[in-house]
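A.B. asks: need coordinates for the below:
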Amino acid sequence: MSLAPDTARRVDALVTGAQAIGRAPSLLVGVVRDGALTHLAGAGEHPRPDADRQYRLGSITKTMTAVLVLAHRDAGRLALDDPLDRYLPGTPLAPRTLRQLLGHASGLQREPDGPWWERSAGGDLATLLAGLTPEKVALAPHAAYHYSNLAYGLLGGVLERVTGTPWWTLLTRHVLDPLGLTRTTYQASEPYARGYVVHPWHDTLREEPRTDTGAMAPAGQLWSTATDLARWAAFLADPDPAVLAPE
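C.D. replies: The predicted structure is shown next:
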């Protein structure tokens, strides 16, 4: 079902305004209704947005990691109230649970050690775990909502340890392939939108690096399109768990 003309015009105006105020080089918004992509609103010219152009998903990646954890929960391979160190022995974070990590309620700090991980090449799981010290705890569990990218890197590590399979392989096998998300990829695949930093004073653009974030990939690595994300949103709104069931 398509949007009413007045609603479509309002969505278009909101997107145009947000792109201008935020000075985003390129912005694309899709509206999903009754399980289908019914409207696209784009603004900006660097590049001109369209439904098949990839953008880096950033933390939308976490929604797929979370669903992958839940699929393995449903298959009996893990339990949400299990402590993290059951799967990653030696981590100094007991008694924090997988449920707490999923919900940003573990009190774990926001970022891993090292330079800005989204702009730097990432290390492997062993390197991530080596930097996991008691100082990474900011709060007691459930003391407050405390967003943590690090938590989702660790959840990817749990999936790898439980299955013996890397996170990206699991995601492709159990989420992307079953749902037909063929334009959702680990690295950018043309056509895609380059990431830019906009200079605060003279509006010049500086292209950002497209890194492999390694063990932190489950927190924000993926690239995708409006078409694929519409299919993903439709699945989340009306999921069929059998579609993603691990073997």
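A.B. asks: okay, which residue is most central for the chain?
C.D. replies: T61 (1.5 Å; C-alpha atoms, centre = their mean).
A.B. asks: that one against G220, yeah?
C.D. replies: Yes: counting by C-beta atoms under 8 Å, T61 does reach G220; the two are 5.0 Å apart. Yep, even glycine has a C-beta here, placed from its N, CA and C like the rest.
A.B. asks: give the residues shared as contacts by the two.
C.D. replies: Common neighbours of T61 and G220, counting by C-beta atoms under 8 Å, 6 or more residues apart in numbering, are Y152.
A.B. asks: next up, the contacts around L27.
C.D. replies: Applying C-beta under 8 Å, 6+ apart to L27 gives the contacts 15, 18-19, 42-44, 49.
A.B. asks: kindly report the same for A188.
C.D. replies: By C-beta under 8 Å, 6+ apart, A188 lies in contact with 54, 56, 210, 223.
A.B. asks: could you give the bridge partners of the last one?
C.D. replies: This points to W223. R56, T185 (DSSP bridges).
A.B. asks: in contact with it, which residues?
C.D. replies: 54-57, 184-189, 192.
A.B. asks: mind giving me the PyMOL command for buried ones among the residues you listed?
C.D. replies: Provided next is the PyMOL selection string for whichever of the contacts of W223 are buried by 16 or more other C-beta atoms under 10 Å:
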select buried, resi 54+55+56+57+184+185+186+188+192
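A.B. asks: what is the nearest of the contacts of W223 to T65?
C.D. replies: Minimum distance to T65 across those is 11.2 Å, recorded for L57 (C-beta to C-beta).
A.B. asks: could you look up the SS state of the residue nearest to the centre of the chain?
C.D. replies: Under DSSP: H, G, I helix; E, B strand; the rest coil, T61 falls in the helix class.
A.B. asks: how confident was the prediction at the nearest residue to it once chain neighbours are set aside?
C.D. replies: Excluding the flanking residues, the one nearest T61 by C-beta to C-beta, 6 or more residues apart in numbering is L222, at 4.4 Å. L222 carries a pLDDT value of 98.
A.B. asks: shouldn't L222 be in contact with Q187?
C.D. replies: No: checked against C-beta under 8 Å, the pair L222 and Q187 is beyond contact range at 9.4 Å.
A.B. asks: pull up the pairing partners for the least confident helix or strand in the chain by mean pLDDT, direction included.
C.D. replies: Least confident helix or strand, the chain: strand 196-198 with a mean of 77, by mean pLDDT, DSSP states H and E. With DSSP bridges as the test, strand 196-198 is paired with strand 205-207 (antiparallel).
A.B. asks: in strands, which of the contacts of L27 fall?
C.D. replies: 42-44 (DSSP state E).
A.B. asks: thanks a lot, see you next time.
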